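**Q** quick one: sequence plus predicted model below, questions after.
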Amino acid sequence: MKKFLALFLALVMCLALVPLTAVAYGNEYIELEKSNFALREGIVVTTKGITAEMRNTPRPDSPGDPDTLYVGLFSADNLEYELNYHLGRWNLSPPEGTFTHSQEYAPYEAGEYVLVLYHYWAKRVISSLKITVGQAAKAGSISIDKTAYTILNLIHRHQPFTASNTSNIR
């Protein structure tokens, strides 16, 4: 029994020395540290699995030229419109393989956004990932203790001031 307990404690101590890795949020091609960001918080985007075929897909309007592959941040409400008119908050052109880009920031406006891996000219989405910017307000009730009064409350509580009635002057 003592040997089992000693072995068990040794195993527990060894596990405490193993560093824990952060759980990432993502999919097959796009990976983020988390799914919820504060306004203008830095976003580290990791792209992976980008192949030469993905980067060299021909443009629909000019088959001799490759279509540009981008990772862009778009509003979830207007994704199709913004994608068609290139209104992304920012666009990255990821290289083949795995690449980490840390120079981008969450938008100034709170809301739902979509990180999209897409072909620029063909407007073809390869992969997308939803994120939230800004904390949503928690549901609850609001109560107000009426200890403050407006000037109208004060006027209506007192008699109006007249030249013959000066008793309400303080």
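**A** Sure, I can see it. Residues are numbered from 1 along each chain as shown.

**Q** would you quantify the distance from Ser62 to Glu28?
**A** Using C-beta to C-beta, to the nearest Å, we find Ser62 at a distance of 28 Å from Glu28. Any C-beta I mention is one placed from the backbone N, CA and C, and that applies to glycine too.

**Q** can you check Lys3 too?
**A** Taking C-beta to C-beta, one finds Lys3 at 47 Å from Glu28.

**Q** of the two, which one has the most company?
**A** Applying other C-beta atoms under 10 Å to Lys3 and Glu28 shows that Glu28 carries more neighbours, namely 10 against 7.

**Q** surely that one is in a strand?
**A** No. With DSSP: H, G, I helix; E, B strand; the rest coil as the criterion, Glu28 is assigned coil and is not in a strand.

**Q** wait, it sits on Ile50?
**A** No. With contact defined as C-beta atoms under 8 Å, Glu28 does not reach Ile50; the gap is 10.7 Å.

**Q** residue ranges of the strands in the chain, please?
**A** Ranges of strands within the chain are 25-26, 30-32, 36-37, 42-50, 69-75, 91-92, 97-105, 111-119, 124-133, based on DSSP state E.

**Q** least confident secondary structure element in this structure?
**A** helix 151-157 (a mean of 55; mean pLDDT, DSSP states H and E).

**Q** Leu92: neighbour count?
**A** That count, for Leu92 with other C-beta under 10 Å as the rule, works out to 19.

**Q** how close does it sit to Thr132?
**A** Relative to Thr132, and taking C-beta to C-beta, Leu92 is found at 20 Å.

**Q** ditto for Ile126
**A** Counting by C-beta to C-beta - Ile126 and Thr132 are separated by 22 Å.

**Q** His101 too?
**A** For His101 relative to Thr132 (C-beta to C-beta), the value is 20 Å.
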